[in-house]
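> Got a sequence here, can you model it:
(one chain, ligands or ions: 1)
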Amino acid sequence: MIKAPVRRIIPHSLVDGPGNRTAIFLQGCNLRCAYCHNPETQKIYTDNSSLEIEWMTAKEVFEEVEKNIPFIRGITLSGGECTLYPEFLTELFTLVQKAGLSCVIDTNGSIDLSKYPELMEVCTGVMLDVKAWDEKKFKRLTGGSNEVVKKNLKYLADVNKLEEIRIVCIEDEVDTEDILKGIKTAIGYKIKTTKLRLIKFRNHGVIGRLKDANSPSDEYMNGLKEMALKIGFEKIIIS
Ligand code: SF4
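Next comes the predicted model:
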C-alpha cells in the first residue's frame, strides 16, 4: 500500500464538512497563499526527515478512523493539499466507504480531479476553494494558477460531487463579486443547490503577506451574501 505523510488526525470535528467527522490532514501543499493559516503544513516531504509527520498506509489511517465509527458520519481529507496523494485517497476512501461512511475532500482545486475517476467513484463530495477569479489576482494571492481550479469547478458540478464552494473574503484582495459571477457562468443552475461558504478572513496563524490585514466587517460580509443571493445562490453560509 502507498504511504502518505499524515500531519494530524482529529477524531471528531464539526467544522470539516457535514456532521461529526474524523478530519485527516496531510502534509504538503503546492500553493503558497498569502493568508495561509497552516503554513507549517506547506512543505512537501519525500522522506522521513520531519518528526512532525507520520508516513501511514491507508489501512493504518483506516484503523484510526475505525475507533470513531460509532460517533462519526464520515471522514474529511484536508491538508496542506490532500489531492497531491490521489492514490492514497482512493485506497483510504475505498476502505472507509465499505464501512458505510462518507468521504469528503477539502481542496485548493489545483490538481485536475478529472484525471482520477477511481478516486471520484469513492469520494462522496468535494469542498472546493475558489481563492480568486482573475488569473493575476490568484497568482498574487497564492503563487499559482487558477486554470485547473476553474476546470475542477465545472467538472465536479457535472459529476455531482461539488459538496461546497469556499471563498475566503478579504476586502481589496479577493475579487469575490467576480468569483460569484464566474461560478454562475461555470456551473449554471447548480448554484441554487450548491453550498456556498463565505469565510471571513482572520489573521491568526498567518505569517504571509496578509498577516496584518484586517478582517472584513460583518456589514461587508452581509453585503457579499446579498450579492450572492442576487446572483442566484440560495445555500449561503457566512463563517
Ligand atoms: S492551499 Fe491551503 S494549505 Fe496550501 S498554502 Fe493555501 S491556505 Fe495554505
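> Beyond the longest strand belonging to the chain, next helix or strand please.
In the chain, taking DSSP state E as the definition, the longest strand is strand 3-13. Proceeding N to C from strand 3-13, the next assigned helix or strand is strand 21-26, under DSSP states H and E.
> Check what contacts that next one and list those residues.
Counting contacts by C-beta atoms under 8 Å, 6 or more residues apart in numbering, the residues outside strand 21-26 that touch it are 4-14, 16-17, 38, 41, 61, 64-65, 68, 72-82, 84-85, 88, 92, 104. The C-beta positions use only the backbone N, C-alpha and C, and glycine is treated the same way.
> For the ligand, tell me which of those show up nearby.
Of the residues in the contacts of strand 21-26, proximity to the ligand by C-beta under 6 Å from any ligand atom holds for Asn38, Thr41, Gly79, Gly80, Glu81.
> so can I have JSON lines of the residues you listed showing neighbour count?
Below are these laid out as JSON lines (neighbours: other C-beta atoms under 10 Å):
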{"residue": "Asn38", "neighbour count": "16"}
{"residue": "Thr41", "neighbour count": "21"}
{"residue": "Gly79", "neighbour count": "24"}
{"residue": "Gly80", "neighbour count": "27"}
{"residue": "Glu81", "neighbour count": "24"}
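> ok, which residues in the chain are in contact with the ligand?
Taking C-beta under 6 Å from any ligand atom as the test, the list of the chain residues beside the ligand reads Cys29, Leu31, Arg32, Cys33, Cys36, Asn38, Thr41, Gln42, Gly79, Gly80, Glu81, Asn108.
> Need the pLDDT of the nearest residue to the fifth one once chain neighbours are set aside.
If I follow you right, that is Cys36. With sequence-adjacent residues excluded and distances taken as C-beta to C-beta, 6 or more residues apart in numbering, Cys36 is closest to Gly208, at 5.8 Å. For Gly208, the model assigns a pLDDT of 91.
> and Gly208, how far is that from Val61?
Using C-beta to C-beta, to the nearest Å, one obtains 29 Å as the distance from Gly208 to Val61.
> Dump the residues of the chain next to the ligand into a markdown table; add pLDDT as well.
As requested, the residues of the chain next to the ligand are arranged in a markdown table below (pLDDT from 0 to 100):
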| residue | pLDDT |
| --- | --- |
| Cys29 | 98 |
| Leu31 | 98 |
| Arg32 | 98 |
| Cys33 | 98 |
| Cys36 | 97 |
| Asn38 | 93 |
| Thr41 | 97 |
| Gln42 | 98 |
| Gly79 | 96 |
| Gly80 | 96 |
| Glu81 | 98 |
| Asn108 | 98 |
